[in-house]
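Asker: A structural model of the following input is requested.
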Amino acid sequence: MRLGHEQRGGTQTIKDHPFFNGVKFDQLRAMKAPFVPELKSITDTSYFPTDELEDVQKDLPMEKPAASGSGGDALAQKKDLAFVGYTFKKFDYLTRKNAL
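Answerer: Residues are numbered from 1 along each chain as shown. Prediction:
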């Protein structure tokens, strides 16, 4: 059974773990983040590790060039690989003033 499971005491067992000693869980949303990334654009991937992208690119099937004959933007395609396996969900309902 995993740490934090209901039958093992729920989330309190995680909060009580020595790794989180000193963390004020009730104040997390009010605290300033220790690191705030400075993005150059909404699609900036400079903070994603890219050292293994070449290996991923070799494993991808070859795509036919676009009908326009341009063949697509190779740099844009390489940047998109930084998001392979990444999923983002915005949980803004946690910070809304009218939240539960």
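Asker: all contacts plus neighbour counts: C-alpha atoms, from now on.
Answerer: Will do.
Asker: how many residues are close by residue 32?
Answerer: Residue 32: 8 surrounding residues under other Cα atoms under 10 Å.
Asker: typo on my end, residue 5
Answerer: By other Cα under 10 Å, neighbour count at residue 5 equals 13.
Asker: what does the one 10 residues further on give?
Answerer: Burial of residue 15 is recorded as 16 neighbouring residues (other Cα under 10 Å).
Asker: and the gap between it and residue 7?
Answerer: Per Cα to Cα, to the nearest Å, residue 15 is found 15 Å from residue 7.
Asker: contacts only, for residue 25.
Answerer: residue 15 (Cα atoms under 8 Å, 6 or more residues apart in numbering).
Asker: torsion angles phi and psi at it?
Answerer: Main-chain dihedrals, residue 25, degrees, to the nearest 10: phi -60, psi -30.
Asker: CA atoms of stretch 87-94 as PDB?
Answerer: Presented in PDB, the C-alpha positions along stretch 87-94 are these (Å, rounded to 0.1, in the frame of the first residue of the first chain):
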ATOM      1  CA  THR A  87       0.800  16.900 -19.900                       C
ATOM      2  CA  PHE A  88      -0.400  20.200 -18.400                       C
ATOM      3  CA  LYS A  89      -3.700  20.700 -16.600                       C
ATOM      4  CA  LYS A  90      -4.500  24.100 -15.100                       C
ATOM      5  CA  PHE A  91      -6.100  23.600 -11.700                       C
ATOM      6  CA  ASP A  92      -7.200  27.300 -11.300                       C
ATOM      7  CA  TYR A  93     -10.200  26.300  -9.300                       C
ATOM      8  CA  LEU A  94      -7.800  25.800  -6.400                       C
END
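Asker: neighbours of the nearest residue to residue 37 once chain neighbours are set aside, how many?
Answerer: Closest residue in space to residue 37, ignoring its immediate chain neighbours: residue 47 at 7.8 Å, by Cα to Cα, 6 or more residues apart in numbering. Neighbour count for residue 47, taken as other Cα under 10 Å: 10.
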